[in-house]
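In: got a sequence here, can you build the structure:
(one chain, ligands or ions: 1)
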Amino acid sequence: MKKKHLFWLLLPSYWLVTAVAIIVVAYYAYHSMSNLFFQALEKDIFTRATLLSSQVAPWVEQKEYAAIDTLCNELGAAAETRFTIVMPDGKAVGDSDSRPELMEYHGDRPEIRQALGGQIGVDKRYSRTSKQEMMYVAIPLQTANHETLCAVRASLPLTDIQAELNTMTVRVIVVSLITGILSMVVCIVVVRRITDPLRGMGRAARQFAGGDFHHRIPAQHTLELDQLGESLNIMAEQLNKTLSTLSEQRNEQNAVLSSMDEGVLAVDRRERIIHMNRIACEILGVDSKEIKRQLIQQVVRFSNLQEFIKAVLGSQKTLSRDLTLIGDTEKQIQTRGSVLKDAEDKSIGALIVLRDVTHIRHLETVRSDFVANVSHELKTPITSIKGFVETLLSDDWNHEPDILRFLEIINQQSGRLNAIIDDLLTLSRLEQKGGLVMKETAKLAPVIESAIYLCQLQAGKKNIKIDAVCPADLALSINAPLLEQALVNLIINAVKYSDPDKKVLILAEQQAEQVAIYIKDEGFGLERKHLDRLFERFYRVDTARSRKLGGTGLGLSIVKHIISAHEGHIRVESKVGAGSTFIITLPNPNKEASDD
Ligand code: ADP
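Out: Here you go, the predicted structure:
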């Protein structure tokens, strides 16, 4: 709908009200004046009729009709009035303007009828006798006992009064028109005095909206408009202050975000970029000027990062993922995404923190390659040394006791070195696969049984009984040889770090969201302070004992790697003297299936 200007809304209504008021006043004035004129005329005619009545009374009583007519003629000529005497039978017996015997029946004239009825009669009408508009006043001439003798009528033409009234009408119209025009001009001035300041305030408000908060609305003539202008000025001042505070805060936040070592990327729920700090732009190879409010897909071309952002927005949870961004150069990025919330704790998007770990990963690869190469290089000589020492220790040689002892030491140490190299090779193989291993759905029970079988010899030496409880149909996505190796490491540890004749129990169960495998022993147990570091490479609680028992300090580290490669977790619960329980949790295959 087209909006009207306030000016054009107010002005017609003001004009209408003024016009109606002027018309009503003019009409009322005209009406009052004409009434006044007619009343005065009526009174004048009545006086003339009364005068005639007093003079004509004796002639009427004596029925001297000629004298009556003569009196009418004389007085009529003198007073410029038409006088008529009408008898009760309606017959005119005297008239100043015509001869009575020629006059028609007059008893039907309204004023005569009333006068013959004993009242004063008044009427205005066109007279055929005088050929003009006349006012008639008739009064009854009565005897002492109120008997009507005749009606005495006086009449005057209305022409003068009509002319007077016409002049008055013209004057009233002219005055009304002048008043109307003046009122219209006054209305325009008044309406302008309302609308002009409002227009000015509208302009000022637009300037405020455009960011010019220094403009001020001047004082106004009316109290209400002045208050409105003052309120707008205060609002502008407050807005200016608030915006300055906000921009200060934004600058501080930008400074903090820019000086961060990590890349920070904030997107709204529709995946539009809210903020991207300098490091994020560098990592993603984006020009910081091009990003404002752009869709992430338009700015960042890495589909794996786009998927990650979608996943964070969809899951509304904190997620972490290692991503490889393949552009001009290949970058390894560690990402962590969490839900971005507003002051009312409502989700408004996602916050992604990016860490460029390309250099770290490169160093890790170099280290892992180095370990693999060194282990590989050491493996051949140590195998050869071990072979020769074992040959020298065989019964075919007759050694001095000291030489035999030294050879046994060399054999034991080279065996240990061999075990360390084997573990190092296993670890580096796991690392080189980037934590990814081939998996297929397999039953868990045979894997546990096979692991127990491999540990039986060592357990048998200490008379330790190994039991297993596992649902026969429990199957999950695993790399069976690797999981078997993890279980072997844990069972061997349980045997190693237990006194003879104890028991080891392996319990597997399917839980709501995962599959849990418990490896429980009745061994020496561990102090709480060791539990967090147990899975580190070469971490041993009691180095001497571990060495004596043939430990490399790498067993649990290998277990942790294998479980991580299965996207699972491992933790330990232990109490000194009461034994330890290692708990592996692996993703529940049934849940995964339902998620897909
Ligand atoms: P190691 O080859 O020395 O056994 P691991 O990485 O397998 O190396 O284990 C690290 C350390 O954790 C061990 O030295 C031992 O002190 C402790 N440990 C491992 N398993 C057990 C267990 N079941 N009971 C008590 N201590 C254990």
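In: what does this protein put close to the ligand?
Out: 493-494, 497, 521, 523-524, 526, 534, 539-542, 546, 551-557, 580 (CB under 6 Å from any ligand atom). The way it works is simple: take the backbone N, C-alpha and C, and place the C-beta from them, glycine included.
In: again, 5 Å this time
Out: 493-494, 497, 523, 540-541, 546, 551-553, 555-556, 580 (CB under 5 Å from any ligand atom).
In: quick one: which of those residues sit in strands?
Out: Among these, DSSP state E puts S580 in strands.
In: now rank the residues of the chain next to the ligand by neighbours and give me the top one.
Out: A494 (27 neighbours; other CB atoms under 10 Å).
In: walk me through the domains of this structure.
Out: As recorded under automatic domain parsing, the domains making up the chain are 7-163, 216-259, 261-356, 362-433, 440-595.
In: per-stretch mean pLDDT over these, give me the minimum one.
Out: For the domains of the chain, mean pLDDT drops lowest on domain 362-433, to a mean of 85.
In: ends of stretch 310-326, how far apart?
Out: In stretch 310-326, first residue to last residue: 19 Å (CA to CA, to the nearest Å).
In: how far off centre is that stretch?
Out: 27 Å (CA atoms, centre = their mean, to the nearest Å).
In: buried set for that stretch?
Out: Residues V312, L313, L319, L323, L325 are the ones in stretch 310-326 that count as buried (16 or more other CB atoms under 10 Å).
In: residue closest to the middle of this structure?
Out: I348 (11.0 Å; CA atoms, centre = their mean).
In: helix, strand or coil for that residue?
Out: Classification of I348 by DSSP: H, G, I helix; E, B strand; the rest coil places it in strand.
In: the buried residues of stretch 310-326: which two are farthest apart?
Out: L313 and L325 (19.5 Å; CB to CB).
In: burial check on G568, number of neighbours?
Out: Neighbourhood size, G568 [other CB under 10 Å]: 21.
In: quick check, the residue in the stretch 51-200 of the chain closest to the ligand?
Out: G200 (83.1 Å; CB to the nearest ligand atom).
In: that residue sits in which helix or strand?
Out: Using DSSP states H and E, G200 sits in helix 159-209.
In: helices of the stretch 351-500 of the chain, start to end?
Out: 358-393, 401-432, 444-461, 480-496 (DSSP state H, counting those that start in this stretch).
In: hey, which of those is tucked in deepest?
Out: Of those, the one with the most neighbours on average (mean count of other CB atoms under 10 Å) is helix 480-496, at a mean of 22.
In: next, the angle from that helix to helix 401-432.
Out: Here helix 480-496 runs at an angle of 140 degrees relative to helix 401-432 (axes from the mean of the first three to the mean of the last three CA atoms, to 10 degrees).
In: C-alpha coordinates for helix 480-496, PDB please?
Out: This file holds the C-alpha atoms of helix 480-496, laid out as PDB (Å, rounded to 0.1, in the frame of the first residue of the first chain):
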ATOM      1  CA  ALA A 480      42.500 -60.500  14.400                       C
ATOM      2  CA  PRO A 481      46.300 -61.000  14.400                       C
ATOM      3  CA  LEU A 482      46.900 -57.500  16.000                       C
ATOM      4  CA  LEU A 483      44.200 -57.900  18.600                       C
ATOM      5  CA  GLU A 484      45.600 -61.300  19.400                       C
ATOM      6  CA  GLN A 485      49.100 -59.700  19.900                       C
ATOM      7  CA  ALA A 486      47.600 -57.100  22.200                       C
ATOM      8  CA  LEU A 487      45.900 -59.800  24.300                       C
ATOM      9  CA  VAL A 488      49.100 -61.900  24.400                       C
ATOM     10  CA  ASN A 489      51.000 -58.800  25.700                       C
ATOM     11  CA  LEU A 490      48.400 -58.300  28.400                       C
ATOM     12  CA  ILE A 491      48.200 -61.900  29.400                       C
ATOM     13  CA  ILE A 492      52.000 -62.300  29.500                       C
ATOM     14  CA  ASN A 493      52.200 -59.300  31.700                       C
ATOM     15  CA  ALA A 494      49.400 -60.700  34.000                       C
ATOM     16  CA  VAL A 495      51.500 -63.900  34.200                       C
ATOM     17  CA  LYS A 496      54.800 -62.100  34.600                       C
END
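In: I appreciate the help and will end here.
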